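Enquirer: Provided below are the primary sequence and the corresponding predicted coordinates.
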Amino acid sequence: MTHLFAPNASPSSAAAHVEALLASYPDFPQPNILFRDLNPVFADAVAFRAIVDDLADQHRGQFDAVAGIEARGFLLAAAVGYAANAAVLAVRKGGKLPGTVLIEEYDLEYGSARLELEVGQLPAGTRVLILDDVLATGGTIAATSRLIERAGYTLTGVGVVLELIDLHGRERLGTAPVHAIMSI
Ligand code: AMP
């Protein structure tokens, strides 16, 4: 397997940890999907600290809140929010949030999915960094971007641990800078 690092970025120690620990499972959860499992990265204390610091550092000074996408994005958002002294927003799968929620439906490879965000948690104009584990086709982060903007916040960045470059997800995202610790 060939591993490529993000263009214009020298392999950081965070990327080295991801490359060393990333696990890949062919045909999971369905045929023809090569599932990239980052749990071994989260399960290594040194690696986890390195990826959290990297995500916080890449966007330092550019966000007041982090939005984590259920469920693995929550792990990153809580840690980066704490490290950067930022607020944390939970972007949840459909039907789990009370009160007034914004809803975005989007297509997956098979079927569709729904993400939701509670309104009025932070002042309009709050600068938000979206975090998730993997950028694949980009549909999930694109839907989250729409939620952030509909809520009145300003999207100032996207951070992921791993980008699957063959799926061109980055092209579906807007103009906010996208940082991937490792691209493959
Ligand atoms: P996307 O296609 O970018 O909308 O990805 C949808 C969600 O599924 C993301 O939150 C990813 O974490 C996850 N995902 C998609 N493809 C993979 C993959 N090959 N391995 C692991 N997670 C994936």
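Expert: Now that the structure is in, tell me what you want to look at.

Enquirer: pull up the gap between the residue nearest the centre of the chain and A124, please.
Expert: Closest to where the C-alpha atoms of the chain average out (CA atoms, centre = their mean) is D132, at 1.8 Å. According to CB to CB, to the nearest Å, D132 stands 24 Å off from A124. Glycine gets a C-beta too; all of them are placed from N, C-alpha and C.

Enquirer: now swap in P29 and tell me
Expert: 39 Å.

Enquirer: same deal with A50?
Expert: Counting by CB to CB, the gap from A50 to A124 is 34 Å.

Enquirer: which residues does the closest residue to A113 other than its chain neighbours contact?
Expert: Distance criterion CB to CB, 6 or more residues apart in numbering; nearest residue to A113, sequence neighbours excluded, is Y106 at 6.0 Å. By CB atoms under 8 Å, 6 or more residues apart in numbering, Y106 lies in contact with S112, A113, R114, L115, G139, T140, A142, A143.

Enquirer: so of the residues you listed, which ones are in strands?
Expert: Per DSSP state E, strands hold the following members of the contacts of Y106: S112, A113, R114, L115.

Enquirer: the third one touches E104, doesn't it?
Expert: Yes - R114 lies in contact with E104 (CB atoms under 8 Å); the separation is 7.1 Å.

Enquirer: more neighbours, the two?
Expert: E104 (20 against 13; other CB atoms under 10 Å).

Enquirer: that one and A143 touch, don't they?
Expert: Yes - with contact defined as CB under 8 Å, E104 counts as touching A143 (4.1 Å).
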